[in-house]
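Engineer: Sequence plus predicted model, see below.
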Amino acid sequence: MCSVALGYGDNIIGLREEAGDNLHSSSLTIFIEDLLKQNSLKPADLSAIAVGKGPGSYTGLRIGVSVAKGLAYTLDKPLMGINTLSAMALGAMSSLNDGEKDSLLCPMLDARRMEVYALIVNNSMQELMPTTAVIVDEDSFENYIAHNKIFFFGNGMAKCKEVLSRHTNAHFIEGINPSAKNLIALATQLFEAGKTENVFTFEPYYLKDFVRTGK
């Protein structure tokens, strides 16, 4: 998912995103330029730059973080790095009804084979399980799922659904993908608290080493 959003706090001014292979290299800077033009803004009008720092696709993260760092440095603007799974959890929270608000949320991004990048948070966005590479089997989330209803979502969910659905507390949300619109509120909190990244030393959160799978 190549995604760019413009906003502040809970206010999303604009969004441009598209799913597909290798879009970041060809489309990311175009999406940024188009979104600014559509809202009659120049890059210098921005207050800060935020980027999903990972985990996720190695290439997508590398390009996204490089562009964000370039903008922050060139424009002399603060830079905030947001955990991609945390942003997904915030986005999924809006899809729950009132009776499900006390449930736990587990965003999942596909890694390799039966492995996913996962995080578990409660409805206050408090981390109960930190971002981890998990090999999914029946016992992977036993400490949480035994006593709590958990909603699983993200592109890592599909390959785990059959195993996890054996638990009565396991529930699934379709169609939740990483989106820049879910970075805005979290980035605003960091911006207002003065918690910014060092533009020179900031790196993507790969979680695992890159493995080449083809020539």
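Structural biologist: Sure, I can see it.
Engineer: make it CA atoms for all contacts and neighbour counts henceforth
Structural biologist: Fine.
Engineer: just for the chain, where's the confidence low?
Structural biologist: 208-215 (pLDDT under 70).
Engineer: Show me the helices in it, by range?
Structural biologist: Taking DSSP state H as the test, the helices found in the chain are 23-38, 58-75, 84-93, 142-145, 161-164, 184-192.
Engineer: what inclination does the last one have with respect to helix 84-93?
Structural biologist: Read that as helix 184-192. With axes from the mean of the first three to the mean of the last three Cα atoms, to 10 degrees as the basis, helix 184-192 and helix 84-93 are set at 130 degrees to each other.
Engineer: so of the helices of the chain, which one's packed in deepest?
Structural biologist: Between the helices of the chain, helix 84-93 has the highest mean count of neighbours, a mean of 24, where neighbours are mean count of other Cα atoms under 10 Å.
Engineer: Outline the domain layout of this structure.
Structural biologist: 2-84+178-192, 96-173 (automatic domain parsing).
Engineer: Of all the helices of the chain, which one is nearest Ala118?
Structural biologist: The closest approach between Ala118 and any of those, judged by Cα to Cα, belongs to helix 84-93 at 7.2 Å.
Engineer: Find the residue at the geometric middle of the protein.
Structural biologist: Per Cα atoms, centre = their mean, the C-alpha nearest to the average position across the chain is that of Thr84, at 2.2 Å.
Engineer: got a list of what Ile13 touches?
Structural biologist: Under the criterion of Cα atoms under 8 Å, 6 or more residues apart in numbering, the contact partners of Ile13 comprise 5-7.
Engineer: Let me know the closest of those residues to Ile120.
Structural biologist: Using Cα to Cα, Ala5 is the member of those that lies nearest Ile120, at 24.9 Å.
Engineer: shouldn't Gly154 be in contact with Gly175?
Structural biologist: Yes - the pair Gly154 and Gly175 qualifies as a contact (Cα atoms under 8 Å) at a distance of 7.2 Å.
Engineer: Looking at those two, which is more packed in?
Structural biologist: When Gly154 and Gly175 are compared on other Cα atoms under 10 Å, the one with more neighbours turns out to be Gly154, at 25 against 10.
Engineer: Figure out which of the helices of the chain is closest to Asn122.
Structural biologist: Among the helices of the chain, helix 84-93 comes nearest to Asn122, with 9.3 Å by Cα to Cα.
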